[in-house]
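S.K.: Have a look at this fold, sequence not included:
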């Protein structure tokens, strides 16, 4: 399997990975937003997702902030409707 070199494809991959994390961990996402500890609750899943992302893209893309942006866009922004003191 060849590594992804295209930044747009890397963004899609990162977003897909984070979407899966959010989908399979709905309760943790909701609790993490409510309690402002989402990164602690999902640490293992996010680390696993990051490792998967880094294994599929070139070194330059792996070292970029593409994965982190996907975390914010997919995991945090989509959770904006959850009641929390952080909003």
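M.R.: Right, received. Where do you want to start? Quantities reported herein were computed from a predicted structural model and do not represent experimental measurements.
S.K.: for the chain, what spans make up the helices?
M.R.: Ranges of helices in the chain, per DSSP state H, are 7-24, 26-35, 38-41, 43-56, 59-62, 66-70.
S.K.: May I see those helices arranged in a markdown table, with distance to residue 77, mean neighbour count and mean pLDDT as well?
M.R.: Glycine gets a C-beta too; all of them are placed from N, C-alpha and C. What follows is the helices of the chain, written out as a markdown table (distance: least, Cβ to Cβ, whole Å; neighbours: other Cβ atoms under 10 Å; pLDDT from 0 to 100):
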| stretch | distance to residue 77 | mean neighbour count | mean pLDDT |
| --- | --- | --- | --- |
| helix 7-24 | 11 | 17 | 97 |
| helix 26-35 | 11 | 16 | 92 |
| helix 38-41 | 12 | 16 | 96 |
| helix 43-56 | 16 | 15 | 98 |
| helix 59-62 | 22 | 15 | 97 |
| helix 66-70 | 11 | 19 | 97 |
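S.K.: I'd like to know which of those lies nearest to residue 78.
M.R.: Evaluated over these, closeness to residue 78 peaks at helix 7-24, with 6.9 Å, by Cβ to Cβ.
S.K.: Identify the residue nearest residue 53 in space, chain neighbours excluded?
M.R.: Nearest-residue entry for residue 53: residue 67, 5.0 Å, with adjacent residues in sequence omitted and distances by Cβ to Cβ, 6 or more residues apart in numbering.
S.K.: Ignoring the adjacent residues along the chain, who's closest to residue 40?
M.R.: Counting by Cβ to Cβ, 6+ apart, the residue nearest residue 40 is residue 32, at 7.5 Å.
S.K.: now the one you found: how far from residue 43?
M.R.: According to Cβ to Cβ, to the nearest Å, residue 32 stands 10 Å off from residue 43.
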